[in-house]
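J.: this one's structure only:
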């Protein structure tokens, strides 16, 4: 429970090829891009990535690091379909488990609670069951006898998330309008790495914000990375919005050309 601060590269150094990696945020909002860049700088590959996908998925797919993706969507928000992900998918470079958003959430809940699955209505009567033939259903043991999808736990080897503030012990705080299930990613993982805009003393976390904003609890956090601008070019409200100019450049530039500048370039500091 002591000082868990480290650099982004130190956080990623504990990851291995073949792991299942959860990435927090939503679309092009509050993605842990500083940590994603560290993954791209490393030699880690053959990943199963679990994400409400955005440019994190697009970059890792374009770099050939993803073996399998579990996601309900992959979007840049203002650009509906992530183009680098789409190109990798069309080339057949990764396996896809595409599921409903609610199924994805309950898969994280199941993993966070160390359950093998949780029943969910989402998916019944849809093509989700057809495109995922491995999914099973369960029947309620009570008088209603209702049939549910048995959503399997999305158990993670490691999770990467980004928040507005954190302390050195691993308590993480969001100050924007939505938690984006980052707490579930951390609780579903064997190791969780939290990057933040700013590290503050524990007492400072609740001086200007309610205790309910303390989204991530220290006991599930392995490492804390101070990374100002660490979600750029995605948004991190209220600290900054999405950088639409850089996002458009990313979406319209060949990955190899963009990556050469982005992975180690000035965007790392959100400038």
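T.: On my side now, so go ahead. Just so we're clear, the structure is a prediction, and the values are computed from it rather than from any experiment.
J.: Give the residue spans of the stretch 151-271 of the chain that score low on pLDDT.
T.: Applying pLDDT under 70 to the stretch 151-271 of the chain picks out residues 265-271.
J.: in the stretch 151-271 of the chain, which spans are helices?
T.: Remark: helices assigned in the stretch 151-271 of the chain by DSSP state H, counting those that start in this stretch are 182-187, 244-252, 255-262.
J.: how about the ones you listed in TSV, adding distance to residue 211?
T.: Just so you know, the C-beta spots here come from the backbone N, C-alpha and C atoms, and that holds for glycine as well. Compiled in TSV, those are given as follows (distance: least, C-beta to C-beta, whole Å):
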stretch	distance to residue 211
helix 182-187	14
helix 244-252	34
helix 255-262	37
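J.: hang on, isn't residue 189 packed against residue 159?
T.: Yes. Here residue 189 reaches residue 159: they are 3.7 Å apart, a contact under C-beta atoms under 8 Å.
J.: who's more crowded, those two?
T.: Between residue 189 and residue 159, counting by other C-beta atoms under 10 Å, residue 159 is the more crowded of the two (31 against 27).
J.: so how many other residues sit close to the closest residue to residue 218 other than its chain neighbours?
T.: Using C-beta to C-beta, 6 or more residues apart in numbering and skipping residues adjacent in sequence, the residue nearest residue 218 is residue 170, 3.7 Å away. Using other C-beta under 10 Å, residue 170 has 24 neighbouring residues.
J.: Please shift the residue numbers so they start at 7 in all later answers.
T.: Done: numbering now begins at 7, and the last item shifts to residue 176.
J.: ok, residue 176 to residue 222 distance?
T.: Counting by C-beta to C-beta, to the nearest Å, the separation of residue 176 from residue 222 is 7 Å.
J.: what do you get for residue 129?
T.: Applying C-beta to C-beta to residue 129 and residue 222 gives a distance of 28 Å.
J.: higher neighbour count, those two?
T.: Taking neighbours as other C-beta under 10 Å, residue 129 and residue 222 compare with residue 222 leading, 27 against 21.
J.: Common neighbours of residue 195 and residue 165, please.
T.: Residues touching both residue 195 and residue 165 by C-beta atoms under 8 Å, 6 or more residues apart in numbering: residue 28.
J.: Helix or strand: which one has residue 87?
T.: Per DSSP states H and E: residue 87 is located in neither a helix nor a strand.
J.: mind listing what it touches?
T.: Neighbours of residue 87 in contact, by C-beta under 8 Å, 6+ apart: 80-81.
J.: Quick check: phi and psi on it?
T.: Backbone dihedrals for residue 87, given as degrees, to the nearest 10, come out at phi -120, psi 120.
J.: Distance of it relative to residue 132?
T.: In terms of C-beta to C-beta, residue 87 sits 20 Å off from residue 132.
J.: what's the span of stretch 237-248 from first residue to last?
T.: Distance between the two ends of stretch 237-248: 9 Å, counting by C-alpha to C-alpha, to the nearest Å.
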